[in-house]
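> build me a structure from this.
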Amino acid sequence: MAKWKEMVSDFDSDMVNHPPHYGTGYIECIDYIEDFLTEEEYIGYLRGNIAKYLHRWRYKNGIEDLKKAQWYGNRLMKVVEDA
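Numbers count the residues shown, from 1 in each chain. Next comes the predicted model:
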């Protein structure tokens, strides 16, 4: 458990790739969601998040939201490439 807390503290300043509030358990939330959903459901989840961040970037978090959309896009590309 101590090792996990050490790993999480390394991510504290990275709100795009490893937001600390998504890694408070033994695995990151995104990994749990990927495991829990079917591949098609997971693709829909990723697409929905891409749309959300692209829609709100001007009104909420600016460049951070664009980076989050890119992060989800990269994750989607990996899923499609691995299929």
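
> where does the chain have low pLDDT?
For the chain, the stretches with pLDDT under 70 are 1-13, 21-25.

> can you do 50?
1-5, 8, 11 (pLDDT under 50).

> where do the helices sit along it?
Per DSSP state H, the chain carries helices over the ranges 2-10, 29-36, 39-56, 63-82.

> put together CSV for those helices, with mean neighbour count on each row.
Where you see a C-beta, it was placed from the backbone N, CA and C, and this is true even at glycine. Shown next, in CSV, are the helices of the chain (neighbours: other CB atoms under 10 Å):
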stretch, mean neighbour count
helix 2-10, 10
helix 29-36, 13
helix 39-56, 15
helix 63-82, 15
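
> for those helices, give me a markdown table that also has distance to residue 17.
Output for these, formatted as a markdown table (distance: least, CB to CB, whole Å):
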| stretch | distance to residue 17 |
| --- | --- |
| helix 2-10 | 11 |
| helix 29-36 | 10 |
| helix 39-56 | 14 |
| helix 63-82 | 6 |
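
> tell me how far the closest residue to residue 83 other than its chain neighbours lies from residue 32.
Using CB to CB, 6 or more residues apart in numbering and skipping residues adjacent in sequence, the residue nearest residue 83 is residue 39, 7.0 Å away. Look at residue 39 and residue 32: by CB to CB, to the nearest Å, they are 15 Å apart.

> on that earlier part again, quick one: which of the helices of the chain is nearest residue 20?
helix 2-10 (5.9 Å; CB to CB).

> give the contact list for the nearest residue to residue 79 once chain neighbours are set aside.
Residue nearest to residue 79 in three dimensions, not counting chain neighbours: residue 43, with 6.2 Å by CB to CB, 6+ apart. Shown in contact with residue 43 (CB atoms under 8 Å, 6 or more residues apart in numbering): 76, 79, 80.
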